[in-house]
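[1] below are the sequence and a predicted model for it; my questions follow.
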Amino acid sequence: MEEQTLFSISDPELVPLPGQLAFFPDAKPAAPVVHKTRQYPELKPMRLLDPHLVRILLCLVLHRLNAPIAEGWLYDILVTAGHINFFLYTDALGFLLENDSLQQSQDEKQLLSLTEKGRACAVDMYRYVPKVMRDRVVLTALRYVARKKAMQEMSVTYEESAEGCMLCVRCDDRMREMFTLRIHTPAKAAAEELAERIMRNPAAFFGKILDSALHNEEESFDLRDN
């Protein structure tokens, strides 16, 4: 009768782990077994976060912005951006308002801001949320608010024609026009893409233009062969 073996060395999927070789001294794989390990643990999707972590995230966003914001802005940062779903957001916001961690102004703007209780939650408990998730949400919040502030001081319009599309970017300061930039593009899609890139950091964009103008010099000519 042929002796039956529990595994075959020729089959790489059935090669025993190195720790098991002590029980099978005659069975030695041709190459060491490769163990796949993760450098970082796999995180739970943000849409499936526990409710108490979502509450901490809301407090953390308002703490980092350090200013009252409209509820619609907070909704865009967390829900529209795809970080959490509508139901988690609604439950967390309602809980924080009832728990006196958040307060909402009674005027027509109805701005949200942290109370001392909510600020303590953000400062003392933010580490319960994985850093990858904290960084992702806070970065979205900072970019969103920067874009909103830029749009309050700048206006973008498009003038379409048969030759293409003209991008017009106007910057105002205290209700006074500072400058207007007009750029011709071959199509409106190109103008919209250019406007999107400008609005990512309009201060840096126009700062580079002014810096180039201030340091602009006349073209130099080589007169050695004159």
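    Perfect, I can see it now. Numbers count the residues shown, from 1 in each chain.
[2] which helix or strand contains the most centrally placed residue in the chain?
    By CA atoms, centre = their mean, the chain has its centre lying nearest to residue 140, at 3.8 Å. In this structure, residue 140 sits in helix 131-153 according to DSSP states H and E.
[3] next: residue 172.
    Assigned by DSSP H and E, residue 172 falls within strand 164-173.
[4] got the angle between that strand and helix 131-153?
    Strand 164-173 runs at 90 degrees relative to helix 131-153, counting by axes from the mean of the first three to the mean of the last three CA atoms, to 10 degrees.
[5] any idea of the angle whichever helix or strand comes after strand 164-173 forms with strand 164-173?
    Scanning forward in sequence from strand 164-173, with DSSP H and E defining helices and strands, the next element found is strand 176-185. Using the same axes, to 10 degrees, the interaxial angle of strand 176-185 with respect to strand 164-173 works out to 160 degrees.
[6] residues contacting the nearest residue to residue 111 once chain neighbours are set aside?
    Of all residues not flanking residue 111 in the chain, residue 68 sits nearest, at 3.7 Å (CB to CB, 6 or more residues apart in numbering). C-beta here means a position set from N, CA and C on the backbone, and glycine is covered the same way. Contacts for residue 68 were tallied using CB atoms under 8 Å, 6 or more residues apart in numbering; they are 105, 111, 112, 113.
[7] can I assume the residue nearest to the centre of the chain is in contact with residue 74?
    No: in this structure, residue 140 is not within contact of residue 74 by CB atoms under 8 Å, at 11.1 Å.
[8] so what touches the least confident helix or strand in the chain by mean pLDDT?
    Across the helices and strands of the chain, mean pLDDT, DSSP states H and E gives its lowest value to helix 202-214, namely a mean of 81. Counting by CB under 8 Å, 6+ apart, the neighbours of helix 202-214 from elsewhere in the structure are 150, 154, 169, 171, 179, 181, 198.
[9] so what pairs up with the second one in the strands?
    As for beta bridges, residue 154 partners with residue 171 under DSSP bridges.
[10] residues near it, how many?
    Applying the criterion other CB atoms under 10 Å, we find 19 residues in the vicinity of residue 154.
[11] most neighbours, which of the contacts of residue 68?
    residue 112 (23 neighbours).
[12] so what's that one up against?
    When contacts are counted by CB under 8 Å, 6+ apart, residue 112 touches 62, 68, 69, 70, 71, 74, 102, 103, 104.
[13] before we move on, the earlier item: distance of the residue nearest to the centre of the chain relative to residue 72?
    Spatial separation of residue 140 from residue 72 under the definition CB to CB, to the nearest Å is 15 Å.
[14] give me the angle between the strand holding residue 172 and helix 202-214.
    Angle, strand 164-173 to helix 202-214, by the same axes, to 10 degrees: 90 degrees.
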